[in-house]
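Peer 1: output the structure for:
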Amino acid sequence: MKKVNFAKLLSLLALVVSVCFFSSCEKDDDGDAGVDAASIIGAWTSTGTVVDITINDVSIIDFFMEELGLSEAEAEEFSSLFEDEMDMEGTVEFKEDGEFATNWEGDAPESGTWALSNENTILTIAIDGEDEDMVFDVITLTSSLLTIEQTQTELEDMDQDGTDETMKMKMTMSFSK
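Peer 2: Presented below is the predicted three-dimensional model:
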């Protein structure tokens with residue numbers, strides 16, 4: 001059994017969290033076309049976030065077990081730290097003038113601009129003070145439900161063996177009005 005390297009594990013956690021919050025992604029064209037853009041106007045409350053992370057097409061739990069020597073219980077526990085970090089509780093308000101404001105539990109409020117494009121299947125968020133926009137696929141947009149999704153792929157030497165691994169993270173966020 002490999003000895004657990006907690007420094008390596010913590011650096012991996014920091015990498016995954018930073019990829020989620022500070023990277024933009026390429027858009028996919030698999031959202032529902034023709035949704036009413038006016039439906040997004042108003043205050044939305046987060047109802048859940050689902051994060052699916054694979055490294056070299058292997059689940060993050062299996063990667064932790066195979067590459068870092070964690071037991072299944074340890075890998076599941078550490079994986080839940082990622083999920084907890086990504087689960088945002090609070091509200092976001094989309095205003096008619098293209099502005100938005102957030103009120104996430106435990107975080108400072110943020111604001112900026114928003115825009116729907118590609119027949120309202122792409123939501124672009126520009127946070128004041130950030131260099132890169134966040135781009136989400138709109139999976140569901142009705143007068144009371146909003147589901148957005150972002151998929152990112154990064155190359156990084158996650159196990160510090162001199163070879164880059166491919167990390168793919170898909171984050172799906174759901175909201176209700």
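
Peer 1: need the contact partners of the top strand by length along the chain.
Peer 2: Taking DSSP state E as the criterion, the chain has its longest strand at strand 42-55. Strand 42-55 has contacts (Cβ atoms under 8 Å, 6 or more residues apart in numbering) with 16, 20, 59-60, 63, 79, 82-83, 86-94, 104, 146, 158, 165-177. C-beta: built from backbone N, CA, C; applies to glycine.

Peer 1: can you rerun that using 6 Å?
Peer 2: 60, 63, 83, 86-93, 146, 165, 167-177 (Cβ atoms under 6 Å, 6 or more residues apart in numbering).

Peer 1: got the CA positions of it in PDB?
Peer 2: Extracted C-alpha coordinates of strand 42-55, given in PDB (Å, rounded to 0.1, in the frame of the first residue of the first chain):
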ATOM      1  CA  GLY A  42     -35.600  37.900 -10.700                       C
ATOM      2  CA  ALA A  43     -34.100  36.300  -7.600                       C
ATOM      3  CA  TRP A  44     -33.100  32.700  -7.700                       C
ATOM      4  CA  THR A  45     -32.300  30.500  -4.700                       C
ATOM      5  CA  SER A  46     -29.700  27.700  -5.000                       C
ATOM      6  CA  THR A  47     -31.300  24.300  -4.600                       C
ATOM      7  CA  GLY A  48     -28.200  22.200  -5.200                       C
ATOM      8  CA  THR A  49     -24.900  21.600  -7.000                       C
ATOM      9  CA  VAL A  50     -23.700  18.300  -8.500                       C
ATOM     10  CA  VAL A  51     -20.000  18.000  -9.300                       C
ATOM     11  CA  ASP A  52     -18.600  15.100 -11.300                       C
ATOM     12  CA  ILE A  53     -14.800  15.000 -11.500                       C
ATOM     13  CA  THR A  54     -12.700  12.500 -13.500                       C
ATOM     14  CA  ILE A  55      -9.000  12.300 -13.800                       C
END
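
Peer 1: settle this for me: residue 111 is touching residue 128, isn't it.
Peer 2: Yes - when contacts are counted by Cβ atoms under 6 Å, residue 111 is listed as touching residue 128 (5.5 Å).
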